[in-house]
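Asker: This is the structure alone, sequence omitted:
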């Protein structure tokens, strides 16, 4: 499950990247809505948000692009979006706007369980997934509560930290996810730090999906200096390589 | 105690404002901090240790000084200055960092991170960390490193590492982002010593409580020196910690008017000021729901102030609450008014105020002029202006050049 920043370097290319990723076998796509103050993100995604916002990307433009893209896309798209944006747009309006654009759900990384009741209620009514996160610092009774409230899938954060490629991932992930699986029937996807085939080989057996962000965003960023076809091909090959590791 | 001062509730809400809008990764640390603070609040030895530090290390109580020449110059009310500038490290920030350093020790965390704008909180954090043997990293925007250079040297001399922040506007807001990101990865061993009444619950409450010593002392000093409470209290508001600490103990005193002064910058046009309580609207930033400067998509707007400490697009949730219930009125002072007030106070009283505090002085001068000599205006002089001398010289020079050309 790849993550792409909306509007970096522009929305047309974002749509092409998503299509390429799905054509090469991705089962779902996560689209990052650029935000000015993303505290959960590392330098790569942060810089991509800044570039997109420098080009005056608006939420309305993003939804418009998705409205054109999603009807012909073979996999669902979910958005990663700050609550600052959702709140300013209006909770109802955000969900209905996203739904109208063919979006299947939202990950709101700065909206912890105790603040999410109002948005969760709207999402339930609109049959729109509100994907919540469980992290290595989440106590177990709290993880159970989050699992009860989440819809779509559970996003298990592999590391206590921000997004970004890592050489090694903590060994406890496998056990933690195995425990979480016993608490819920929902699919569990793992994200943060995943970028290499060996990560995929370790984590694929215990999860229902792996989220790869910075490694893709970094490659997309090369579109400013390289021919776009070449960048698309490289991203496609990269993801195909990870998908092959999943099958092993 | 009546309801207005019995905030926040357990979820960190001041009326509708506040709360905790942060990544799940930080939730446990915030819960632990709230629990530790709760325990410490009920522990007499904690309060005794803090009181001892405030008296013998900070030099409290800070004086309430009658600014006689300034008052005479205004020809109206009597102006009193609450001299937080006389504290060790030269500002009110030390009240909070010592309290949080004691909490850090109780939690057994060896490392502290902090953000700083003007550098006052950075210096106060570095000081508290030196005093308690804690490792200290301070995040500071590159623009602020330039304009508050003396404080950067002090932090380094105190053994802190200053990490320049080059993202975004390279000011306080970006320093907070970077400190939060650090905390995301180090939360098990690190305490985030936030410097204002902003951020996720329980920070706005903890910082207010540690700063409330300002208002408690002022209240006592007013009764001793004036024989009664003042008519008006004025304090500057960026994140709003000195104002919060000054106002909170007076919240139930209906007869005392209170005025928070934001950074009016160059003009009231978006991007020219840093006055969310005057010109912004409620939204989410840095973990809490409060007045903020955002565009229609929820993106944080660039702001401007001559003072690095007020150059921030958000404000504390309790200030939003006080604004909403009408208990405190919020106004702003422009860069020009602030530089004029700085000059006035320097020449009339021999006191260089921090540019942040000069916002409150500017408003106090206006208020005092319109009032009578039997009335009193108390100003929270939150910090001293030595750190600003260079920047003011530079600004004065460039203004002169503009006028001449």
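Answerer: Perfect, thanks for sending it. None of the values given here were measured: they were computed from a predicted structure. Numbers count the residues shown, from 1 in each chain, chains lettered A, B, ... in the order given.

Asker: So which bits of the stretch 51-200 of chain B are right by chain A?
Answerer: Counting by CB under 8 Å from any CB of the partner chain, the positions of the stretch 51-200 of chain B adjacent to chain A are B:167, B:168, B:173, B:177, B:180, B:181, B:184, B:185, B:187, B:188. (Glycine included, C-beta is placed from N, CA and C.)

Asker: SS state for the second one?
Answerer: Just to be clear, that refers to residue B:168. Three-state call for residue B:168 (DSSP: H, G, I helix; E, B strand; the rest coil): coil.

Asker: wouldn't it be in contact with residue B:174 here?
Answerer: Yes. Shown here, residue B:168 and residue B:174 form a contact pair, counting by CB atoms under 8 Å, at 4.1 Å.

Asker: These two: which has the busier surroundings?
Answerer: Taking other CB atoms under 10 Å in any protein chain shown, residue B:168 and residue B:174 do not tie; residue B:174 has more neighbours (24 against 19).

Asker: Quick check: pLDDT value at the more buried one.
Answerer: In this model, residue B:174 is scored at 94, pLDDT.

Asker: gap between the helix or strand harbouring it and the chain center?
Answerer: Take DSSP states H and E as the rule and residue B:174 turns out to sit in helix B:172-186. Here the centre of helix B:172-186 is set off from its chain's centre by 19 Å, with CA atoms, centre = their mean, to the nearest Å.

Asker: what's the closest non-adjacent residue to the closest residue to chain A within the stretch 101-250 of chain B?
Answerer: Relative to chain A, the nearest point of the stretch 101-250 of chain B is residue B:185 (3.7 Å; CB to the nearest CB). What sits nearest to residue B:185 in space, not counting adjacent residues and going by CB to CB, 6 or more residues apart in numbering or on different chains, is residue A:161, at 3.7 Å.

Asker: State the helix or strand in which the one you found lies.
Answerer: Per DSSP H and E, there is no helix or strand for residue A:161.

Asker: Residue A:214 is in contact with that one, correct?
Answerer: No. Using CB under 8 Å, residue A:161 is not in contact with residue A:214, being 12.0 Å away.

Asker: Residue B:64: what's it in contact with?
Answerer: By CB atoms under 8 Å, 6 or more residues apart in numbering or on different chains, the residues touching residue B:64 are B:80, B:81, B:82, B:83, B:217, B:218, B:221, B:222, B:225, B:378.

Asker: Distance-wise, check it relative to residue B:218.
Answerer: Residue B:64 sits 6 Å away from residue B:218 when distances are taken as CB to CB, to the nearest Å.

Asker: Can you pull the residues that touch both of those two?
Answerer: Joint contacts of residue B:64 and residue B:218 (CB under 8 Å, 6+ apart) are B:82, B:378.

Asker: Where does residue B:289 sit: helix, strand or coil?
Answerer: strand.

Asker: which residues of chain A score low on pLDDT?
Answerer: Counting by pLDDT under 70, not a single residue of chain A qualifies.

Asker: Of all residues in it, which one is closest to chain B?
Answerer: For chain A, CB to the nearest CB, closest residue to chain B: residue A:88, 3.3 Å.

Asker: what pairs with residue B:258 across the strands?
Answerer: residue B:233 (DSSP bridges).

Asker: returning to what we had before: what two of the contacts of residue B:64 are the furthest from one another?
Answerer: B:83 and B:222 (13.9 Å; CB to CB).

Asker: hmm, back to that, give me the next element, helix or strand, following the helix holding residue B:174.
Answerer: Per DSSP H and E, the first helix or strand lying C-terminal to helix B:172-186 is strand B:190-192.

Asker: right, and residue B:330 touches residue B:259 too?
Answerer: Yes. The criterion here is CB under 8 Å, and residue B:330 meets it with residue B:259 at 7.4 Å.

Asker: Quick check: closest non-adjacent residue to the residue nearest the centre of chain A.
Answerer: The centroid of chain A falls nearest to residue A:30 when counting by CA atoms, centre = their mean (3.6 Å). In space, and not counting its chain neighbours, residue A:30 is closest to residue A:3: 4.4 Å by CB to CB, 6+ apart.

Asker: Let me see the contact set for that neighbour.
Answerer: Applying CB under 8 Å, 6+ apart, the residues contacting residue A:3 are A:29, A:30, A:31, A:32, A:45, A:80, A:191, A:211, A:212, A:213, A:216, A:217.

Asker: thinking again about what came up before, tell me the buried residues within the residues of the stretch 51-200 of chain B next to chain A.
Answerer: B:167, B:168, B:173, B:177, B:180, B:181, B:184, B:187 (16 or more other CB atoms under 10 Å in any protein chain shown).

Asker: which stretches of chain B form strands?
Answerer: B:13-14, B:17-18, B:64-66, B:78-83, B:111-116, B:135-141, B:161-165, B:190-192, B:232-236, B:257-265, B:281-285, B:288-292, B:329-334, B:376-381 (DSSP state E).

Asker: Can you add mean pLDDT and give those strands back as CSV?
Answerer: Output for the strands of chain B, formatted as CSV (pLDDT from 0 to 100):
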stretch, mean pLDDT
strand B:13-14, 98
strand B:17-18, 98
strand B:64-66, 98
strand B:78-83, 98
strand B:111-116, 98
strand B:135-141, 98
strand B:161-165, 98
strand B:190-192, 98
strand B:232-236, 98
strand B:257-265, 98
strand B:281-285, 98
strand B:288-292, 98
strand B:329-334, 98
strand B:376-381, 98
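
Asker: Which of those sits closest to residue A:75?
Answerer: Once those are compared by CB to CB, strand B:281-285 is nearest, at 30.4 Å.

Asker: what angle sits between the closest one and helix B:172-186?
Answerer: Here strand B:281-285 runs at an angle of 30 degrees relative to helix B:172-186 (axes from the mean of the first three to the mean of the last three CA atoms, to 10 degrees).

Asker: one step back: relative to strand B:135-141, how tilted is the helix holding residue B:174?
Answerer: 140 degrees.

Asker: just the buried ones among the residues of the stretch 51-200 of chain B next to chain A now: which is nearest residue A:234?
Answerer: Nearest member of these to residue A:234, counting by CB to CB, is residue B:167, at 26.9 Å.

Asker: Could you pull up the residues touching the residue lying closest to that closest one once chain neighbours are set aside?
Answerer: Counting by CB to CB, 6+ apart, residue B:167 lies nearest to residue B:174, which is 5.1 Å off, once chain neighbours are set aside. Neighbouring residues of residue B:174 by CB under 8 Å, 6+ apart: B:141, B:165, B:167, B:168.

Asker: Adding distance to residue B:210, write the residues you listed out as CSV.
Answerer: Formatted as CSV, the contacts of residue B:174 follow (distance: CB to CB, whole Å):
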residue, distance to residue B:210
B:141, 24
B:165, 25
B:167, 29
B:168, 28
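
Asker: Name the residues that touch stretch B:196-207?
Answerer: Counting by CB under 8 Å, 6+ apart, B:8, B:11-14, B:18-22, B:26, B:30, B:33-34, B:37, B:96, B:99-100, B:103, B:121, B:176, B:194-195, B:208, B:211, B:238-241, B:244, B:286-288, B:290, B:314-319 sit against stretch B:196-207.

Asker: Pull the number of nearby residues for residue A:67.
Answerer: Using other CB under 10 Å, the number of residues around residue A:67 comes to 14.

Asker: which residues touch it?
Answerer: Contacts for residue A:67 (CB under 8 Å, 6+ apart) come out as A:100, A:101, A:102.

Asker: Please name the nearest non-neighbouring residue to the residue in chain B positioned nearest to chain A.
Answerer: Using CB to the nearest CB, the closest approach of chain B to chain A is made by residue B:298 at 3.3 Å. Closest residue in space to residue B:298, ignoring its immediate chain neighbours: residue A:88 at 3.3 Å, by CB to CB, 6+ apart.

Asker: Which of the contacts of residue A:67 ranks first by neighbour count?
Answerer: residue A:101 (20 neighbours).

Asker: Check whether residue B:80 really touches residue B:380, as I assumed.
Answerer: No. Applying CB under 8 Å, one finds residue B:80 not in contact with residue B:380, separated by 10.1 Å.
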